[in-house]
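*Asks:* Got a predicted structure here, sequence first:
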Amino acid sequence: MSEPTTSLPARRILVIKHGAFGDFIMALGAFQALRRHHAGDHLVLQTIPSLAPLARASGWFDEVWTDPRDKGLGALLAVRRQIRGGRFDLVYDLQCSDRTNLYFQLLRPGPPRWSGQAWGCSDPDPNPNRNATHGTDRYAMQLRHMGVAEVPPPDAGWIEADVSRFALSAPYVLLAPGCAPHRPEKRWPEAHYATLANSLSARGYTPVLVGTKSEAETTAAIAAACPAAIDLTDRTPLFELGGLARRAAGAVGNDTGPMHLLAVVGCPSVVLYSHASTPTQSGQRGPRVTILREATLSDLPPARVESALLELMAGGGGLPSPSL
């Protein structure tokens, strides 16, 4: 007579990853690895409201909680009640910010087992160069310390949508000329984007401009200088942007969150960096990515960018510039 089988009760696991968008994309492989490692456990993600739909669509979490990161004692106490009410056995703090450190301190006495950088936590991240480590590698190193042996490249097959409503004729190239409004030094000049767009059009590629409402002035100026360009600014939600990227011949953009998405879904992507940001810490990763870097982006000529894009689309490239 065989012995009855018993299974361990499911544990409750909390993962904290707020943003920004590019950082969230860099964490996709870590999310996959955690789902696989905790296959029989109840996995909850705490993130910001704008990223919750993406997290839910991934299928990697049993629940997705939103944290608007409001300031004030009332908001902090509400987060404390939420986490305490979750009765978690283990917390993976992938954000490792001053705010999530405060969350841990508010859970005293008797906080759950906690992986991260919070002062006094049970499982501090041992990486002494955490802040200088690329996000994808940083998360993998933290999880490895917790027994999660392998973090795979992210499976982004679910970031997809029907984009037929845009009626784009192939081949087209996506251009993402925006970035955070307070970081103008990270923007390749509009005139350079217009020159590139016109040159691509002459080669038979339709330039398609993408971005948010805050970047409309930039994309409108480029569209005005390139009549062949199609301006889809503020018309491409995340899943549709993923769908457009899958069907694009290639993409060029500044160091901005959407370029992380384009790269990870496999679109041949050329990303432009000034010395205001560091590709070794936050560079876009994907199967076909080239990073070009100049101290001042206005010194990066359109011809060099176009050459890198054409090589990448033809199946070459995919390596960072030696100037990194």
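*Replies:* Arrived safely, thanks for sending.
*Asks:* Stretch 236-244: which residues count as buried?
*Replies:* Using 16 or more other Cβ atoms under 10 Å as the test for burial, stretch 236-244 gives 236, 238-244. Any C-beta I mention is one placed from the backbone N, CA and C, and that applies to glycine too.
*Asks:* same deal with stretch 128-141?
*Replies:* Neighbour-count burial for stretch 128-141, with 16+ other Cβ under 10 Å as criterion, is recorded at 133-141.
*Asks:* Repeat that for stretch 81-97.
*Replies:* 83, 86, 88, 90-96.
*Asks:* okay, residue 218: pLDDT?
*Replies:* Confidence at residue 218, expressed as pLDDT, is 96.
*Asks:* Put together CSV for the buried residues of stretch 236-244, with secondary structure and distance to residue 73 on each row.
*Replies:* Formatted as CSV, the buried residues of stretch 236-244 follow (DSSP: H, G, I helix; E, B strand; the rest coil; distance: Cβ to Cβ, whole Å):
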residue, secondary structure, distance to residue 73
236, coil, 39
238, helix, 33
239, helix, 37
240, helix, 40
241, helix, 38
242, helix, 39
243, helix, 43
244, helix, 43
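*Asks:* Would you point out the most distant pair within those residues?
*Replies:* 238 and 244 (10.8 Å; Cβ to Cβ).
*Asks:* how about the strands in the stretch 201-324 of the chain?
*Replies:* 206-209, 230-231, 250-254, 269-273, 289-293 (DSSP state E, counting those that start in this stretch).
*Asks:* Those into CSV, with extra columns for distance to residue 196?
*Replies:* Formatted as CSV, the strands of the stretch 201-324 of the chain follow (distance: least, Cβ to Cβ, whole Å):
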stretch, distance to residue 196
strand 206-209, 8
strand 230-231, 15
strand 250-254, 7
strand 269-273, 10
strand 289-293, 12
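*Asks:* do you know which of those lies nearest residue 192?
*Replies:* strand 269-273 (9.1 Å).
*Asks:* Give me the distance between that closest one and the centre of its chain.
*Replies:* 15 Å (Cα atoms, centre = their mean, to the nearest Å).
*Asks:* what's the answer for stretch 47-58, then?
*Replies:* Worked out by Cα atoms, centre = their mean, stretch 47-58 lies 12 Å from the chain centre.
*Asks:* Now do the end-to-end distance for that stretch.
*Replies:* 14 Å (Cα to Cα, to the nearest Å).
*Asks:* now swap in stretch 64-73 and tell me
*Replies:* OK, stretch 64-73 end separation, Cα to Cα: 23 Å.
*Asks:* what's the answer for stretch 295-304, then?
*Replies:* Taking Cα to Cα as the criterion, the two ends of stretch 295-304 lie 15 Å apart.
*Asks:* how about that stretch: buried residues?
*Replies:* For stretch 295-304, by 16+ other Cβ under 10 Å, it's 297, 300, 302.
*Asks:* cool, and stretch 282-291?
*Replies:* Residues of stretch 282-291 classed as buried: 282-286, 288-291 (neighbour count, 16+ other Cβ under 10 Å).
*Asks:* List just the nearest of these to residue 120.
*Replies:* So of the buried residues of stretch 282-291, ranked by how close each gets to residue 120 (Cβ to Cβ), first place is residue 282, at 28.5 Å.
*Asks:* tell me the pLDDT at that closest one?
*Replies:* 90.
*Asks:* show me what contacts it?
*Replies:* 22-23, 26, 134-135, 255 (Cβ atoms under 8 Å, 6 or more residues apart in numbering).
*Asks:* rerun that using 6 Å as the cut-off
*Replies:* By Cβ atoms under 6 Å, 6 or more residues apart in numbering, no residues touch residue 282.
*Asks:* now it: how far from residue 117?
*Replies:* 18 Å (Cβ to Cβ, to the nearest Å).
*Asks:* What of residue 73?
*Replies:* The separation that residue 73 has from residue 117, given Cβ to Cβ, amounts to 23 Å.
*Asks:* Those two: who's more crowded?
*Replies:* residue 117 (20 against 7; other Cβ atoms under 10 Å).
*Asks:* That one touches residue 96, doesn't it?
*Replies:* Yes: in this structure residue 117 lies within contact range of residue 96 using Cβ atoms under 6 Å: 4.3 Å.
*Asks:* which residues in the stretch 151-300 of the chain form helices?
*Replies:* For the stretch 151-300 of the chain, the helices defined by DSSP state H, counting those that start in this stretch cover 190-202, 216-225, 238-247, 257-264, 279-282.
*Asks:* can you check the stretch 1-150 of the chain too?
*Replies:* Using DSSP H, counting those that start in this stretch, helices in the stretch 1-150 of the chain cover 21-26, 28-37, 52-58, 73-86, 98-106, 135-145.
*Asks:* could you dump these to JSON lines with distance to residue 176?
*Replies:* Output for these, formatted as JSON lines (distance: least, Cβ to Cβ, whole Å):
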{"stretch": "helix 21-26", "distance to residue 176": "12"}
{"stretch": "helix 28-37", "distance to residue 176": "19"}
{"stretch": "helix 52-58", "distance to residue 176": "18"}
{"stretch": "helix 73-86", "distance to residue 176": "33"}
{"stretch": "helix 98-106", "distance to residue 176": "29"}
{"stretch": "helix 135-145", "distance to residue 176": "19"}
